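A.B. asks: all I have is the shape, not the residue letters:
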C-alpha cells in the first residue's frame, strides 16, 4: 500500500517540481543548448586522455602482468610434472633394486639350506653305518652265546640222560645212542 | 517555513560556470559538469597509475582490482565480438569505466551547506553527453564496418535466407532499427540517471517537508527516508548496470560491423 501511495505522491510531486523548474529556468537544464559545446569539449578532453592512457599504458601493463603470470604458472606446472616423472623413475629404480635384493637373499638362503641338508644327511649316514656295525657285532656275539648255551644245555642233557640210563639199566649207553635219543626227543 | 524548503529536484542538473573559457567563438567554460568529468577521470587515472606502478606476478589489492576489471571487460569483448574484437578492447574498457565512475560518483551525497557550484553532479544525466558517447560508438561501427566489409557492410540491412519479397518490408525495418541504435543507447543511460536522481531528490524533499511540518508528520518523515535509502541502493545497481549495458551494446554493434559480410 505504502509503496503505491509513495509512488503516486512522487509522481505528483515530480510533475509539480518539473513544472516549477521549467518555470524557473525556462526548461530542462539538459535542453539548454548553450551548455552543450562546453560539455562536449570537456567530454572529448577527459575521454580522450583516458583512452590514450588506457590504450598506451595501463591496459598493456595489466595485460602483461596477467600474461606473465599465466606463462609462469604454465612453466611451473611443466616443471612440477617433470619432477614428478623423475620421482616416479626413482621409485621404480628403488623397487627394482629392492626386488633384486630380495631375490638374491632368497637364492643365498636356498643354497645354504641345501648345503646344510647335505651335511646333515652325510653325518646321519655316517652315524647310521657306525650304529649298524655295532649292532651287527652285538648280534654276532648274542648268536655265539646262544650257540654256546645250547651246546652246554645239550651236553648237560646228554650227561643227565646217560646218568639216568646207567641208574636204570646199569649199563652205560654209547654216545651215539644218547645223541639219537635226544634228537628223537627234540623232534 | 522557507528554511525547511528543499531545493527543486531539477536543481541538481543545472550547469554552472566556474571559469569562463572560450575557443574562438565557442564557449568551453569550465562548468560543474566539466569539473566532475575531471574528478572522475582523474580518479580513474590515479587508481590505474597506482595499480600498475609495480605490476607484479603476485598482485597487490589495487592490481587485483584492476585485473578483475580488465578480465571482466576482456571476457565481454571476446565473448561478444570474437578475436577481431581485441583492437576495440581499450575503447570498450575506457567507455565502461568512464560511464561507471561517472554514474557512481554522481551518487556521492553533497555535504549540506555547500554552494550550488560544489554540489555533486552526475555528468551522465545530461543527454548531450550520453548522445556524444553513443554517436562515437556508432561512428566507429560504421567506419569499421565499411573498412572491413566494403559495401558488403550493407548486407546488415538485408539478411540472407529471406524470400525476396520480404526485403521490401525487412530492409526499411533494419534501417530504422540501425538508425535508432544511437538514440536508444543514449536515452537509456541518460533517462536512467535522470529519473533515478529525481526520485532520490523527491524522497529527500519529502523528508524535509514532513520533518518541517512538525508533530505527527515529522514521525511520518521516516517513511520517505527509508524510501531514499532503498532507492540509493537501487541506484548503485543501476549505475553499474547501465555502464555494463552501454558497454555490451557497444560490443554487439561492433560485432555486427565485424561480421556483417557473414550474414
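C.D. replies: Sure, I can see it. Everything numeric in this text was worked out from a predicted model, so none of it was measured. Residues are numbered from 1 along each chain as shown, chains lettered A, B, ... in the order given.
A.B. asks: next secondary structure element downstream of whatever helix or strand residue A:44 lives in?
C.D. replies: Element membership of residue A:44 [criterion: DSSP states H and E] is helix A:36-53. Counting by DSSP H and E, the next helix or strand C-terminal to helix A:36-53 is helix A:59-169.
A.B. asks: tell me the mean pLDDT over the helix holding residue A:44?
C.D. replies: The average of the pLDDT scores along helix A:36-53 is 94.
A.B. asks: so where's the stretch 151-263 of chain B shaky on pLDDT?
C.D. replies: B:263 (pLDDT under 70).
A.B. asks: hmm, I was thinking of chain A
C.D. replies: Using pLDDT under 70, the flagged stretches of chain A are A:1-26, A:187.
A.B. asks: quick one: contacts of stretch B:52-59?
C.D. replies: Stretch B:52-59 is contacted from outside by A:57-58, A:61-62, A:64-65, A:68-69, A:72, B:60, B:63, B:66-67, using CB atoms under 8 Å, 6 or more residues apart in numbering or on different chains. For every residue, glycine as well, the C-beta is placed using N, CA and C.
A.B. asks: and the stretch 151-263 of chain B, which residues reach chain A?
C.D. replies: The stretch 151-263 of chain B has residues B:190, B:194, B:198-199, B:202-203, B:205-206, B:223-224, B:227 near chain A, with proximity defined as CB under 8 Å from any CB of the partner chain.
A.B. asks: quick one: buried residues of the helix holding residue A:44?
C.D. replies: Neighbour-count burial for helix A:36-53, counted by 16 or more other CB atoms under 10 Å in any protein chain shown, picks out A:36-43, A:46-47, A:50-51, A:53.
A.B. asks: mind putting the residues you listed into a markdown table with distance to chain B?
C.D. replies: Listed next are the buried residues of helix A:36-53 as a markdown table, based on distance: CB to the nearest CB, whole Å:
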| residue | distance to chain B |
| --- | --- |
| A:36 | 5 |
| A:37 | 5 |
| A:38 | 5 |
| A:39 | 5 |
| A:40 | 6 |
| A:41 | 4 |
| A:42 | 4 |
| A:43 | 6 |
| A:46 | 4 |
| A:47 | 6 |
| A:50 | 5 |
| A:51 | 4 |
| A:53 | 6 |
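A.B. asks: mind listing the helices for the stretch 1-150 of chain B?
C.D. replies: B:32-51, B:61-81, B:89-105, B:127-149 (DSSP state H, counting those that start in this stretch).
A.B. asks: residue B:99 reaches residue B:246, doesn't it?
C.D. replies: Yes. Residue B:99 lies in contact with residue B:246 (CB atoms under 8 Å); the separation is 5.5 Å.
A.B. asks: and the nearest residue to residue A:58 once chain neighbours are set aside, what is it in contact with?
C.D. replies: What sits nearest to residue A:58 in space, not counting adjacent residues and going by CB to CB, 6 or more residues apart in numbering or on different chains, is residue B:48, at 4.2 Å. Counting by CB under 8 Å, 6+ apart, residue B:48 touches A:53-54, A:58, B:66.
A.B. asks: likewise for residue B:22?
C.D. replies: Residue B:22 neighbours (CB under 8 Å, 6+ apart): B:28-29.
A.B. asks: quick test: name the residue nearest the centre of chain A.
C.D. replies: Residue closest to the mean C-alpha point of chain A, counted by CA atoms, centre = their mean, is residue A:95 at 10.7 Å.
A.B. asks: need the max-distance pair from the contacts of residue B:48.
C.D. replies: Largest separation among the contacts of residue B:48 by CB to CB: A:53 and B:66, giving 12.8 Å.
A.B. asks: related to what we said a few turns ago, for the residues of the stretch 151-263 of chain B next to chain A, which one is nearest chain A?
C.D. replies: Using CB to the nearest CB, residue B:202 comes nearest to chain A of those, at 5.0 Å.
A.B. asks: pretty sure the closest one sits against residue B:9.
C.D. replies: Yes. If you go by CB under 8 Å, residue B:202 and residue B:9 touch, sitting 5.7 Å apart.
A.B. asks: pull up the overlap in contacts between residue B:99 and residue B:246.
C.D. replies: Counting by CB under 8 Å, 6+ apart, the shared contacts of residue B:99 and residue B:246 are B:133, B:189.
A.B. asks: most neighbours among the contacts of residue B:48, please name it.
C.D. replies: residue A:58 (25 neighbours; other CB atoms under 10 Å in any protein chain shown).
A.B. asks: now do that one against residue B:100, distance only.
C.D. replies: 15 Å (CB to CB, to the nearest Å).
A.B. asks: over to residue B:110: give its phi and psi.
C.D. replies: Phi and psi for residue B:110, reported as degrees, to the nearest 10, are phi -80, psi 140.
A.B. asks: need the contact list for it.
C.D. replies: So, once contact is read as CB under 8 Å, 6+ apart, residue B:110 ends up touching B:118-120.
A.B. asks: coming back round to it: by how many degrees do the helix holding residue A:44 and helix B:127-149 diverge?
C.D. replies: On the basis of axes from the mean of the first three to the mean of the last three CA atoms, to 10 degrees, helix A:36-53 is oriented at 50 degrees to helix B:127-149.
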